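>>> Take a look and give me a structure for this.
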Amino acid sequence: MDFGFSANAFRDYGPVETVEILADAGYDGVELLFDQPHLYPPETDEEDVAELRRALDDDDLAISNCNAFMLTAIEGFHHPSYVEPDAEYRQKRIDYTREALHLADAFDAEYISIEPGGPIPDGKSREWAMETFVQSLNEVIPTAEELGVDLLVEPEPDLLIETTDQFLEFVDMVDSSAVGCNFDAGHLFCVGEDPAAAVETLGEYADHYHVEDIPADRSHEHTQLGAGAMDIDAFLEAVEASGYDGFVTVELYPYQETAEETARDAMSFLAEHGWT
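Purely as a prediction, here's the structure:
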């Protein structure tokens, strides 16, 4: 099991500087941010890719994940989503995802993480939203399969897919092995689940894990490791016991003003607890 740190906390830095800092902090990998101001696909060219690949090689840092979930370049974070009632607006998220798959392929990455549908629109049912999400994914699955880059759906509070059961319902509706799960431990804790127990249920679909701490009231606030109420060690022990040998990425995007210090403190927590 290796550890990465998400570049979504490093919006005040460039991608190359982010790589240099995370390598120096002791991480094995970096989660690339496919959004402004880093690697928004429509604004990322071959030279950008080549420059970052050289930095990754020079610093011996791997890509832990490609974050195609956060999309602030068009409107703001969750919009446009895969379940917008306006088909033309919805298509913007679909087109972005297709471009993100091609960019991930340019980095030889194996997968991207994506939002779980989006917020259910006012006046629309969960059933409508789930069917619309699956239809949207069916437009990008052929590209994922052709490139060999998987789509990892990440359950999140207040979006269409929040829980383990909702993910299982969703994955039964999709006929492609290119669709998996980006397991975010904090998100499942927010909706009342035990992340350690959920590893047994979702582990077979999880190609990548996120970890952050969460406050005791289970509010959706990504919190420094050890500063919240989650049993981080129990979660990591469950992941290790499952036989998973990929990346666990620390995701602490609210700490943008102290990104470097936050990444180093998270690594200190992992080292003190015997994980690195």
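>>> ok, now how distant is the nearest residue to Ala100 once chain neighbours are set aside from Tyr82?
Distances taken as C-beta to C-beta, 6 or more residues apart in numbering put Ala68 closest to Ala100, at 3.8 Å, once the chain neighbours are dropped. Using the backbone N, CA and C atoms, a C-beta is placed for each residue, glycine as well. Ala68 sits 12 Å away from Tyr82, going by C-beta to C-beta, to the nearest Å.
>>> what about Tyr263, distance to Phe3?
Slight slip there: residue 263 is Ala, not Tyr. From Ala263 to Phe3 the distance is 11 Å (C-beta to C-beta).
>>> hey, what's in contact with both of the two?
Shared contacts of Ala263 and Phe3, defined by C-beta atoms under 8 Å, 6 or more residues apart in numbering, are found at 27, 250.
>>> Quick one: the helices in the chain, in order.
15-25, 46-58, 87-106, 126-147, 164-171, 185-190, 195-202, 232-241, 259-272 (DSSP state H).
>>> Deepest-packed of these, please.
Each of those was assessed for mean neighbour count using mean count of other C-beta atoms under 10 Å. The highest is helix 185-190, with a mean of 26.
>>> who are the neighbours in contact with the residue nearest to Ala100?
34, 96-97, 100, 104, 112-114.
>>> do that again at 6 Å, thanks
34, 100, 112, 114 (C-beta atoms under 6 Å, 6 or more residues apart in numbering).
>>> Which ones among those residues lie within strands?
112, 114 (DSSP state E).
>>> Of the contacts of Ala68, which is the nearest to Ser64?
Using C-beta to C-beta, Ile112 is the member of the contacts of Ala68 that lies nearest Ser64, at 11.8 Å.
>>> Tell me the spacing between the closest one and Met173.
Taking C-beta to C-beta, one finds Ile112 at 20 Å from Met173.
>>> More neighbours: which of the two?
Of the pair Ile112 and Met173, Ile112 is the one with more neighbours under other C-beta atoms under 10 Å, namely 25 against 12.
>>> per-residue pLDDT, the more buried one?
Looking at Ile112, its pLDDT reads 98.
>>> Can you name the residues bridging to it?
Cys66, Leu151 (DSSP bridges).
>>> Confirm for me that it is in contact with Asp105.
No - the pair Ile112 / Asp105 is not scored as a contact, 9.8 Å apart, by C-beta atoms under 6 Å.
>>> picking that back up, dump the helices of the chain to JSON lines, plus distance to Ile214.
Listed next are those as JSON lines, based on distance: least, C-beta to C-beta, whole Å:
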{"stretch": "helix 15-25", "distance to Ile214": "22"}
{"stretch": "helix 46-58", "distance to Ile214": "30"}
{"stretch": "helix 87-106", "distance to Ile214": "27"}
{"stretch": "helix 126-147", "distance to Ile214": "24"}
{"stretch": "helix 164-171", "distance to Ile214": "16"}
{"stretch": "helix 185-190", "distance to Ile214": "5"}
{"stretch": "helix 195-202", "distance to Ile214": "9"}
{"stretch": "helix 232-241", "distance to Ile214": "10"}
{"stretch": "helix 259-272", "distance to Ile214": "14"}
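>>> Any idea which residue is closest to the centre of the chain?
Central residue of the chain (C-alpha atoms, centre = their mean): Ser113, 4.4 Å from the mean position.
>>> which residue packs closest to that one, ignoring adjacent ones?
Asn182 (3.9 Å).
>>> neighbours of that neighbour, just the number please.
Asn182 is flanked by 29 other residues according to other C-beta under 10 Å.
>>> Same question for the one 10 residues further on.
Here the number of neighbours of Gly192 (other C-beta under 10 Å) works out to 10.
>>> same deal with Ser219?
Count around Ser219 with other C-beta under 10 Å applied: 11.
>>> what separates the closest residue to it other than its chain neighbours from Phe77, distance-wise?
Leaving aside its sequence neighbours, Ser219 sits nearest to Cys190 (C-beta to C-beta, 6+ apart; 7.1 Å). Going from Cys190 to Phe77 by C-beta to C-beta gives 16 Å.
>>> so who does the residue nearest to Ser113 touch?
Neighbours of Asn182 in contact, by C-beta under 6 Å, 6+ apart: 113, 152, 154, 208.
>>> hang on, the first one packs against Phe69?
So the one you mean is Ser113. Yes - Ser113 is within contact range of Phe69, at 5.2 Å (criterion: C-beta under 6 Å).
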